[in-house]
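Q: please work out how this folds:
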Amino acid sequence: MSTLWNNITTEDVIKAIELFDASHKTYPEPRNTFLIYNDKKYPAKHIRGMAYYVANKQEISKQEYEGGEQTVKFFTKLGFQVEYHKNTINPKSSHNAAPERRIDTKPDRSLPGRSLSAVSQKNALQRLLQKHYGHIETEKKFDWLRTPDKNNLPSEYVDIVSALSNYRQHEGFKKSNYPLSSDIVIEKQKLIIEYDERQHFSKARRITLEHYPENINLHYSKEIWLEACDRINSIDNDPIDRDERRAFYDTVRDIEAQRNGYTLLRIKHGDYDWEEQEAELYLKNLLSIKSTINDTPAGKHKIARLIVTGKDYDEHGNPFISRLIVLIEQFVSKYHGKQQFEFLVTPGGFLTFIFPPNIRHGISISYAEKHLITSLQQEADRTINSFFKGLSTDIIVNLKKIADYLTIGIDGKNPINKQHIELVAVYDLKQGLVVRWTGKFYPTGQQKKDLIKINDLNNHFINLNEQNVLILGCHDLNVFSPRGQATASPDGWKKRTADRFKKLCKEFNPNIILQHPHSTDSPNIWNAAWLELERELPNVKHFASGINYSNKNGVRSTLDSVLRKTKKGDVIDFCFE
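A: Just a heads-up that it's a prediction; the model follows:
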């Protein structure tokens, strides 16, 4: 038996249970062996396999370990109660007993709704950085990190100082040659990390950011920082010009770090819980951004997401077109002349259409998959063209200036029965046409009889702007779900299809992945699959899930938590209420 079993702790088992609960999927009831936790029964062998993955970050086949008595001994040794052949077996030692804890997927533990101590968060971040890099320094001062001479300002500072002075006519921030410190420094990497708490997001900070010179290469999202300044709008009047001083000092750090050959990365407090189990992987992703931001053309982001909610759709999932038009108009109003994007992403079912009358009756799923995909794509194309006709000419012209490609999730429905198709169109905004059609190929268990699948897996791979881009339908991401693959029959269609698709992905080696799920109201829905995808496809620099933040029974987590855990790299979110 693998010695890696010894790595599993009680907390790993609890995390596996949480992942199991968060998936909200049914699992065949075991014959004899159940894990009991918080008075609830779980499939013991399956949870054991999930705990193995949590602890070791690698899967193990159920053929590689036994259930029954072996699994009973495994859990009781860790302090868990087990039911075996209808007999309850208690932990071997009471002092080892697994702690009773209420598992609640709402809210997520990394949410702003949970009060995070800035001190403990910074300490946790420092520990992770020490583990990753070895030696780090805190509150370090450099001879070159000083405020500029107010009587002889370098050109980069002129507009910034003028605008900040005009804000409230305070001048105290102009103090010359004032030494500043850096939160965290990794000298061998020439890396500085600043941990920005709420007080850093003020009107004064917005003013400085708005007046940064174009040649400043930031390793954090200026747009996100501006949005946070508007949302938080911190005010600190002790002393009276504290906001101006703090904003100017942050500006000096940004400018002087670049001037002296350092990369300065800013982390916003509350964006992630650095004491969370998966924080190390999140940190590695974050640190990778500093090497990928320069891949983006000057002034252009990789991805923008148009966030929709349940207010934008009726009870049958059909969009209120007028609301979507307003969403596009507001997006254009905000970014035209200010920012550009390569990809603008929508969720699955962003638009919908009805099957043409001639293919509503007496058509089998297999026949439709072989002979009618093109007809359904043509109907979807007419729906997309109709949507664009609802936009004014000015909006369309300006949208073309803002983004290169729009990915559109569009669902087709048969009004006679439950047959449907979930398509994704890659729309070239400059040419005004769809350059690639694809769609869901990996249905949920409930969709097997009714979903018209896109069986040509090659349609998911496309080169855009000299980058390898992978386009996914809603549940297509679950080919990377550890739990989904662990429960799939080894010789079944789902397992074979997942293996074939993953092989194609590795051969294609994508840089960017765009997923188009339907309703996403919890980060736990896709988190495990995204984590596994990153493990199997390490060259992915940017990914994003399109977001429809809704649930008929009430959303389970905050929108911020959903957005944070469904993207990687250079992604900007736009949500209009």
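
Q: rest of the way, CA atoms for contacts and neighbours
A: Fine.

Q: how is the protein divided into domains?
A: Using automatic domain parsing, the domain ranges for the chain come out as 3-96, 118-268, 298-575.

Q: most tightly surrounded among those?
A: domain 298-575 (a mean of 18; mean count of other CA atoms under 10 Å).

Q: which phi and psi does residue 40 have?
A: Residue 40 adopts backbone torsions of phi -120, psi 140, taken as degrees, to the nearest 10.

Q: what mean pLDDT does stretch 358-377 have?
A: For stretch 358-377, the mean pLDDT works out to 89.

Q: and what of stretch 137-149?
A: Mean predicted confidence for stretch 137-149 is 92.

Q: can you tell me what sits against that stretch?
A: Residues from elsewhere that reach stretch 137-149 (CA atoms under 8 Å, 6 or more residues apart in numbering): 154, 174-187, 249, 252-253, 256-257, 260.

Q: could you dump the helix or strand hosting residue 382 to PDB, C-alpha only?
A: Assessed by DSSP states H and E, residue 382 sits inside helix 373-389. Presented in PDB, the C-alpha positions along helix 373-389 are these (Å, rounded to 0.1, in the frame of the first residue of the first chain):
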ATOM      1  CA  ILE A 373     -25.900  20.600 -35.500                       C
ATOM      2  CA  THR A 374     -25.300  23.000 -38.500                       C
ATOM      3  CA  SER A 375     -29.000  23.900 -38.700                       C
ATOM      4  CA  LEU A 376     -29.100  24.700 -35.000                       C
ATOM      5  CA  GLN A 377     -26.000  26.800 -35.200                       C
ATOM      6  CA  GLN A 378     -27.600  28.700 -38.100                       C
ATOM      7  CA  GLU A 379     -30.600  29.400 -35.900                       C
ATOM      8  CA  ALA A 380     -28.300  30.500 -33.100                       C
ATOM      9  CA  ASP A 381     -26.400  32.800 -35.500                       C
ATOM     10  CA  ARG A 382     -29.700  34.500 -36.500                       C
ATOM     11  CA  THR A 383     -30.400  35.100 -32.800                       C
ATOM     12  CA  ILE A 384     -26.900  36.600 -32.300                       C
ATOM     13  CA  ASN A 385     -27.400  38.900 -35.300                       C
ATOM     14  CA  SER A 386     -30.800  40.000 -34.000                       C
ATOM     15  CA  PHE A 387     -29.200  40.800 -30.600                       C
ATOM     16  CA  PHE A 388     -26.600  43.000 -32.300                       C
ATOM     17  CA  LYS A 389     -29.300  44.800 -34.200                       C
END
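
Q: before we move on, the earlier item: turn the domains of the chain into a markdown table, columns for distance to residue 284.
A: Below are these laid out as a markdown table (distance: least, CA to CA, whole Å):
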| stretch | distance to residue 284 |
| --- | --- |
| domain 3-96 | 15 |
| domain 118-268 | 9 |
| domain 298-575 | 11 |
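
Q: so for residue 279, which of the ones you listed sits nearest?
A: Closest approach to residue 279 among the domains of the chain (CA to CA): domain 118-268, 8.2 Å.

Q: can you say which of the domains of the chain is nearest to residue 275?
A: That would be domain 118-268 among the domains of the chain, by CA to CA, at 5.8 Å.

Q: between the two ends of the closest one, what distance do you get?
A: Domain 118-268 stretches 10 Å from its first residue to its last (CA to CA, to the nearest Å).

Q: run through the chain and note the low-pLDDT ranges.
A: Along the chain, segments meeting pLDDT under 70 span 1-3, 22-27, 92-115, 285, 288-299, 487, 577.

Q: distance from the centroid: which residue in it tops it?
A: Relative to the centre of the chain, the most outlying C-alpha is that of residue 151, 45.9 Å out, by CA atoms, centre = their mean.

Q: what helix or strand is that one on?
A: For residue 151, there is no helix or strand it lies in under DSSP H and E.

Q: got the CA positions of stretch 518-531 in PDB?
A: Extracted as PDB, the C-alpha positions of stretch 518-531 are listed here (Å, rounded to 0.1, in the frame of the first residue of the first chain):
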ATOM      1  CA  HIS A 518     -24.900  28.600 -16.500                       C
ATOM      2  CA  SER A 519     -25.800  29.400 -12.900                       C
ATOM      3  CA  THR A 520     -22.800  29.800 -10.500                       C
ATOM      4  CA  ASP A 521     -23.700  30.900  -7.000                       C
ATOM      5  CA  SER A 522     -20.900  29.200  -5.100                       C
ATOM      6  CA  PRO A 523     -17.100  29.000  -5.700                       C
ATOM      7  CA  ASN A 524     -17.200  25.400  -4.700                       C
ATOM      8  CA  ILE A 525     -19.000  24.400  -7.900                       C
ATOM      9  CA  TRP A 526     -15.900  24.700 -10.100                       C
ATOM     10  CA  ASN A 527     -13.100  25.100  -7.600                       C
ATOM     11  CA  ALA A 528     -11.900  21.500  -7.500                       C
ATOM     12  CA  ALA A 529     -12.000  21.100 -11.200                       C
ATOM     13  CA  TRP A 530     -10.000  24.300 -11.800                       C
ATOM     14  CA  LEU A 531      -7.400  23.300  -9.300                       C
END
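
Q: where exactly do the strands run in the stretch 451-577 of the chain?
A: Here the stretch 451-577 of the chain has its strands, by DSSP state E, counting those that start in this stretch, at 461-464, 467-472, 512-515, 542-545, 548-549, 567-568, 571-575.

Q: repeat that for the stretch 151-300 of the chain.
A: Using DSSP E, counting those that start in this stretch, the strands of the stretch 151-300 of the chain run over 179-186, 191-196, 263-268, 300-309.
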